Structure formats: C-alpha cells, structure tokens
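Chemist: no sequence on this one, just coordinates:
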C-alpha cells in the first residue's frame, strides 16, 4: 500500500528513524518538526495517517489533534513521553485513534501503522453508504440495522447513533466522552451513564449472550469498541 504518512516529530533523530522504517514499508513519508507545520501539511497534502508527537513547539500535539479532528477523519497515532491514564484518555477524547509512549519499539509502531491503515480501508463505506461489520449492516440513510438473515433490529436514535459511529470504524476504541459528543447533537441531557445504558441495550439486541459480549466490547478504563463476527445480530 503506497500510503502517505505525515510525521510530526520535533526530535530530528527520531523523525529520521521513523522515516527509515516507513520508507522500508513502501510508504510515502513527509516530516515536519512543529505543530503549526503539521496542521498546514495535513491540510495541504491530505495524508492517509498522521504520526503526531504530543510535545511539539509552536502548537502542541494535543491541540493539533483537536484542530484537525474538527476538519476531517484523518487517522492519528499519537506519541508521548507521558504514560499516565489521564494523558491517554485526553488524547483519545480529542480524537486520536491510537497512542504509544516513548521509548517505543519502531517495529511495534509499524505494526500499529499497518493496523490503522487497514482499519481505514475497511471503514470506507461502499457506494450504497451501508456500513457492514461481520453479519451486521447499518444503513445511515434509512436509519436501519439488520442482522445476518436480514432481520430488522429496532434501535432508538441514541443507540443507532452510537452503533453507526462504531460500525464506521470497527476495532477502534471509543471513549465514553467521544460517544457522548456524537449523541449530544440530539439530546443535550445525555451523560456518560446514558452511553453505558445505550451500550447495554444494544448488547441485548445484538449479542447472543449480552452478559458475555463478543462484539460490543468493553475496554476497561477507556470505553467501547465494535468487533466483527458472523453471529452478530444473527439470532
């Protein structure tokens, strides 16, 4: 895959190491060394993936992520020397798709890059706009959810909004705050607890055993993700 990768890293040595590994994988690599340049380059070249250091001059990486996430769904892999749970959650809440702490293994980082690029390929909706995750289909235009046999699964507006968001990016971990922001447009009274209730109700409708979910997975301390499977919504 000849994907274009934008690397925003102020440490010149680390940036060159990343370039070497990315080039060896056949990617087209663009390097910038400050946050303002990262925003400009992302808007100009429209990369397939942004590898973004948090500690950046001029504009910090978290602000870069927040600004770009408001403009596009560009996948963002954040790098940071901070490893606390609060830092992790803040990066994910701002829209980062993945997160690695320094020092990191370049080989592991390349594996993360490949995973994110595959996820982008899978999440691109077909011409009909229908999202498909295993046996599950989500039709945003018709506001319909169907299982393996074509069985219609009735969802409330909140449940549908959350499910459609996760179905558009299967495998991505969404924080409760991210899901809450998607529902706030129609229900300003929603809370993080409301998200948990929506997920619980979705599990009752989609999982073979809601008490042991195989598809609407809880990622402890962070949030939820949707995993594909042939028996999802297939009852």
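Modeler: All right, it came through fine. Because the structure is a prediction, the values reported are computed rather than measured.

Chemist: Does residue 102 touch residue 54 like I think?
Modeler: No: between residue 102 and residue 54 there is no contact, the gap being 9.4 Å when judged by C-beta atoms under 8 Å. Glycine gets a C-beta too; all of them are placed from N, C-alpha and C.

Chemist: Find the residues that touch each one of these two.
Modeler: 79-81 (C-beta atoms under 8 Å, 6 or more residues apart in numbering).

Chemist: Name only those of these that count as buried.
Modeler: With burial judged by 16 or more other C-beta atoms under 10 Å, the buried subset of these is 79-80.

Chemist: Now the element after the helix or strand of the chain at the bottom of the mean pLDDT ranking, going C-ward?
Modeler: When each helix and strand of the chain is scored by mean pLDDT, DSSP states H and E, helix 85-93 comes last, with a mean of 71. As assigned by DSSP states H and E, the chain's next helix or strand after helix 85-93 is strand 98-101.

Chemist: between residue 102 and residue 54, which one's more packed in?
Modeler: Legend: neighbour count by other C-beta atoms under 10 Å for residue 102 and residue 54, higher for residue 54 (24 against 14).

Chemist: For residue 82, see how far away the more buried one is.
Modeler: 7 Å (C-beta to C-beta, to the nearest Å).

Chemist: Check residue 45 too.
Modeler: Applying C-beta to C-beta to residue 45 and residue 82 gives a distance of 28 Å.

Chemist: what does residue 8 give?
Modeler: Residue 8 sits 17 Å away from residue 82, taking C-beta to C-beta as the criterion.

Chemist: out of the two, which sits in the busier spot?
Modeler: Comparing residue 8 with residue 82 by other C-beta under 10 Å, the one with more neighbours is residue 8, at 30 against 13.

Chemist: The more buried one: what's it in contact with?
Modeler: Neighbouring residues of residue 8 by C-beta under 8 Å, 6+ apart: 32-35, 37-38, 41, 50-53, 56, 61, 64.

Chemist: buried residues in the helix ranked longest in the chain?
Modeler: With DSSP state H setting the assignment, residue counts place helix 106-123 as the longest helix in the chain. Under the neighbour-count criterion of 16+ other C-beta under 10 Å, helix 106-123 has 109-110, 112-113, 116-117, 119-120, 123 buried.
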